[in-house]
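**Q** Curious how this folds, go ahead:
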Amino acid sequence: MSYGFKIMIEGDYACFTRPELKVERVSYDVPTPGALEGMLKSVYWKPAIRYVIDKIIVFHEIDFANIRRNEVKDKVLYSAVKSQMSGKSADPCIYVAESRSQRASMVLKNVKYGVEFHFELTGLKSGEEEDAENKHFNIIKRRLEKGQCFRTPCLGCSEFPVKRMELVDHFDESLISRAILDRGDVDLGFMSYKVAFADQGIPLNQDWENPRFSDKASTIYYRPHMVNGVIDVRKYREELRC
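**A** A predicted model of the protein is given here:
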């Protein structure tokens with residue numbers, strides 16, 4: 001049995017932030033594999049599996065928009081949420097008036113992508129499950145077919161939710177924009193592939209009930225080409241660089 005999937009995703013806006021431009025957000029021309037993995041984890045995720053992006057197809061013309069928006073500088077602390085849930089007086093809230101930061105962003109608009117991916121077993125928290133691959137395959141397939149998720153899938157930033165996600169049997173490449181086809185073979189330069197955390201998803205304290213993870217991470221890069229709208233991520237995976 002093949003454990004791969006093909007999905008179509010659409011959105012009004014997307015932002016796959018370039019890490020080298022830190023002051024204001026500027027999006028890459030196309031999605032990064034890491035951002036798409038994060039999107040899929042919003043549909044279904046367990047420590048026992050990892051998603052691997054194999055192919056990205058860009059259907060719509062690459063079009064940017066400049067916007068200005070309010071962001072917050074802080075994150076909700078996991079420890080504060082846990083303390084409040086246990087009845088203590090910790091305050092996990094972020095107060096916008098105290099943490100607001102206005103930033104300009106150059107984002108993509110009216111995006112449509114085809115994403116081919118598969119999953120692999122990690123060996124974490126898998127126990128003695130029999131036929132684990134088939135079990136995870138059926139769960140992912142069912143959730144994609146029914147449009148289920150445990151948090152809203154987004155296109156790079158949480159402010160830009162996926163408008164439509166559909167499981168398909170094949171991609172209709174005749175729908176690729178003429179503007180994309182006319183560009184032919186495009187060298188996208190060095191792009192972020194994903195952010196790799198030093199702990200590899202394993203709690204430093206080996207306690208899955210009360211996990212403590214490392215914040216240390218490094219960005220892995222690759223240099224893909226978009227050929228007639230198609231980025232064969234699998235082809236470039238061997239060229240990953242930290």
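**Q** Dump the C-alpha coordinates for the strand ranked longest in the chain into CSV.
**A** Looking across the chain with DSSP state E, the single longest strand is strand 100-121. Extracted in CSV, the C-alpha atoms of strand 100-121 (Å, rounded to 0.1, in the frame of the first residue of the first chain):
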residue,chain,number,x,y,z
ARG,A,100,1.5,45.4,20.4
SER,A,101,4.0,45.9,17.6
GLN,A,102,3.0,47.3,14.2
ARG,A,103,4.9,45.8,11.2
ALA,A,104,4.8,46.0,7.5
SER,A,105,4.5,42.8,5.5
MET,A,106,4.9,41.8,1.9
VAL,A,107,2.6,38.8,1.5
LEU,A,108,1.3,36.5,-1.3
LYS,A,109,-2.3,36.9,-2.3
ASN,A,110,-4.8,34.6,-4.1
VAL,A,111,-2.7,31.4,-3.7
LYS,A,112,-3.4,27.9,-4.9
TYR,A,113,-1.0,25.0,-4.4
GLY,A,114,-0.9,21.2,-5.0
VAL,A,115,1.0,19.4,-2.3
GLU,A,116,2.2,15.8,-2.6
PHE,A,117,3.4,14.2,0.7
HIS,A,118,3.9,11.1,2.7
PHE,A,119,4.6,10.2,6.3
GLU,A,120,7.2,8.1,8.0
LEU,A,121,7.2,6.4,11.4
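**Q** List the buried residues in the helix or strand following it.
**A** The C-terminal neighbour of strand 100-121 among helices and strands, as given by DSSP states H and E, is helix 132-146. By 16 or more other Cβ atoms under 10 Å, the buried positions in helix 132-146 come out as A132, H136, F137, I140, L144. Quick note: C-beta positions are derived from backbone N, CA and C, even for glycine.
**Q** Return the list of helices and strands in contact with helix 132-146.
**A** Using 3 or more Cβ pairs under 8 Å, 6 or more residues apart in numbering; DSSP states H and E, the elements in contact with helix 132-146 are strand 4-14, strand 100-121, strand 164-167.
**Q** quick one: average confidence on the second one?
**A** Across strand 100-121, pLDDT averages out at 92.
**Q** what's the answer for the shortest one, then?
**A** Strand 164-167 shows an average pLDDT of 96 in the prediction.
**Q** which other helices and strands contact that strand?
**A** Partner elements for strand 164-167 (3+ Cβ pairs under 8 Å, 6+ apart): strand 4-14, helix 132-146.
**Q** Other residues contacting the helix or strand that that strand is followed by?
**A** The helix or strand immediately downstream of strand 164-167 is helix 178-181, counting by DSSP H and E. Outside helix 178-181, the residues that touch it by Cβ atoms under 8 Å, 6 or more residues apart in numbering are V58, F59, H60, E61, I62, M226, N228, G229.
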